[in-house]
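>>> fold the following and give me the result.
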Amino acid sequence: MRIEINARNYRVSDRLREIIEKKMEKFSRYFDDDAKAVVTLREVGKDKYAMEITIFFGGGNMVRSEVVSDNMYNNIDIALPKIEGQIRKHRTKLGKKIKQTAVDEASIYEQQPAQDKKRELVRTKTLDLKKISVEEALEEMELVDHDFYIFLNEKTGKVNVVYRRTDGNAGLLDLSYAG
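All right, here's what the predicted structure looks like:
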């Protein structure tokens with residue numbers, strides 16, 4: 001597994017880089033050699049640091065974790081067990097995209113057994129999609145004070161989603177329709 005460490009508004013010490021690489025390398029037991037892990041470190045405010053870990057594998061699949069705390073070393077110990085938990089929990093969905101024997105072994109990061117609360121659908125909403133521009137969708141999102149807004153892109157004719165990112169900016173999900 002290739003490991004890429006990026007920093008934004010944060011200086012990565014050699015010691016921190018070494019620890020991240022050592023702990024991330026343990027995930028190679030789950031993935032083939034072509035997997036790529038991207039670790040992004042950034043300062044998000046006064047004495048607050050964010051770590052985002054995304055592992056790309058198996059031709060377009062990924063697992064991701066993002067944590068914020070007052071210490072980047074703590075972030076490692078929070079984010080990595082979250083990623084492993086996602087892999088173990090969704091191993092049947094991931095199927096042959098991960099190494100099957102890896103989940104039979106003991107956990108890399110021993111955790112307290114999580115209480116797996118099954119998510120329950122508690123509400124269904126019906127939306128009328130408006131054919132609008134991305135800029136108008138951003139305005140609508142602000143008007144309804146949500147973190148996302150679903151709309152029909154007037155340029156492409158496809159369903160898109162604009163969303164509020166943790167850095168305060170906005171993102172756009174431009175959906176592709178798989179058969």
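>>> give the contact list for the residue nearest the centre of the chain.
With distances taken as Cα atoms, centre = their mean, residue 64 lies nearest the centre of the chain, 3.0 Å away. Contact analysis of residue 64 by Cβ atoms under 8 Å, 6 or more residues apart in numbering lists 52, 53, 54, 55, 83. Where you see a C-beta, it was placed from the backbone N, CA and C, and this is true even at glycine.
>>> okay if I get those residues as a markdown table plus neighbour count?
Shown next, in a markdown table, are the contacts of residue 64 (neighbours: other Cβ atoms under 10 Å):
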| residue | neighbour count |
| --- | --- |
| 52 | 19 |
| 53 | 24 |
| 54 | 16 |
| 55 | 23 |
| 83 | 21 |
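>>> break this structure into its domains for me.
What automatic domain parsing lists as the domains of the chain is 2-104, 131-174.
>>> what's the closest of the contacts of residue 64 to residue 142?
residue 52 (24.7 Å; Cβ to Cβ).
>>> could you measure that closest one against residue 19, distance?
Separation of residue 52 from residue 19 (Cβ to Cβ, to the nearest Å): 16 Å.
>>> over to residue 164?
32 Å.
>>> same check, this time on residue 146
Computed as Cβ to Cβ, the residue 146 to residue 19 distance reads 38 Å.
>>> put the alpha carbons of stretch 42-49 into CSV.
Extracted in CSV, the C-alpha atoms of stretch 42-49 (Å, rounded to 0.1, in the frame of the first residue of the first chain):
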residue,chain,number,x,y,z
ARG,A,42,-4.4,20.5,8.8
GLU,A,43,-4.9,23.1,11.5
VAL,A,44,-8.6,24.0,11.7
GLY,A,45,-8.5,26.7,14.3
LYS,A,46,-6.7,27.8,17.4
ASP,A,47,-5.2,24.6,18.9
LYS,A,48,-7.4,22.3,16.8
TYR,A,49,-6.0,19.9,14.3
